[in-house]
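> coordinates only, sequence not included:
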């Protein structure tokens, strides 16, 4: 799935020194995501990744400077909508059921949206717990998440 692959690319370049598209292909392959260099090239362009000094004389891929929640907001929303099956709540905890294997990417999407009232997320394989802050109304957060997911 393109959205999941692109979310993983964002995570990889944020957490590692990825110096080339070939290195990005190799990192994805280690995680069981088989892609061609041409596909990675398109992903790099769509994600607006830039090359910045790595500090050791090399250049690495990075997110465009600025707030990634602004740059990638539409992509996060699309991923969230594509992968969510159901959303419910109990107290200040919201449970998001996702496609198998997608909960981590959906959690990254929720975190990347920087929605008011969300303290944090914890992901499993096909379920995501969203913890609502004490001062926020869990029902409002639930309505917002359902709206984004199209549920």
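Done, it's in. Quick caveat: nothing in here was measured; it's all calculated off a predicted structure.

> List the contacts of stretch 26-44.
Stretch 26-44 has contacts (CB atoms under 8 Å, 6 or more residues apart in numbering) with 2, 5-6, 8-9, 12, 16, 18, 21-22, 24-25, 61. Backbone N, C-alpha and C define where each C-beta goes, glycine included.

> Report the beta-bridge partner residues of residue 132.
residue 118 (DSSP bridges).

> In this protein, mark out all the strands, start to finish.
Remark: strands assigned in the chain by DSSP state E are 50-53, 59-62, 84-90, 93-98, 118-123, 127-132.

> Make sure residue 89 is actually in contact with residue 140.
No. At 10.7 Å, residue 89 and residue 140 do not qualify as touching, with contact defined as CB atoms under 8 Å.

> more neighbours, these two?
residue 89 (16 against 13; other CB atoms under 10 Å).

> Distance of the nearest residue to the more buried one once chain neighbours are set aside relative to residue 46?
With CB to CB, 6 or more residues apart in numbering as the criterion, residue 89 has its nearest non-adjacent residue at 4.9 Å, and that residue is residue 142. For residue 142, the distance to residue 46 (CB to CB, to the nearest Å) stands at 31 Å.

> Please identify which of those two sits among more neighbours.
The neighbour count for residue 142 versus residue 46, taken as other CB under 10 Å, is higher for residue 142 (18 against 12).

> What count of nearby residues applies to residue 43?
Neighbourhood size, residue 43 [other CB under 10 Å]: 20.

> likewise residue 29?
11.

> Double-check the residue nearest to residue 89 against residue 91; I have them as touching.
No. At 11.3 Å, residue 142 does not count as touching residue 91 under the criterion of CB under 8 Å.

> ok so, going back, for the strands of the chain, give me JSON lines that also has distance to residue 36.
Shown next, in JSON lines, are the strands of the chain (distance: least, CB to CB, whole Å):
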{"stretch": "strand 50-53", "distance to residue 36": "20"}
{"stretch": "strand 59-62", "distance to residue 36": "17"}
{"stretch": "strand 84-90", "distance to residue 36": "29"}
{"stretch": "strand 93-98", "distance to residue 36": "27"}
{"stretch": "strand 118-123", "distance to residue 36": "28"}
{"stretch": "strand 127-132", "distance to residue 36": "30"}
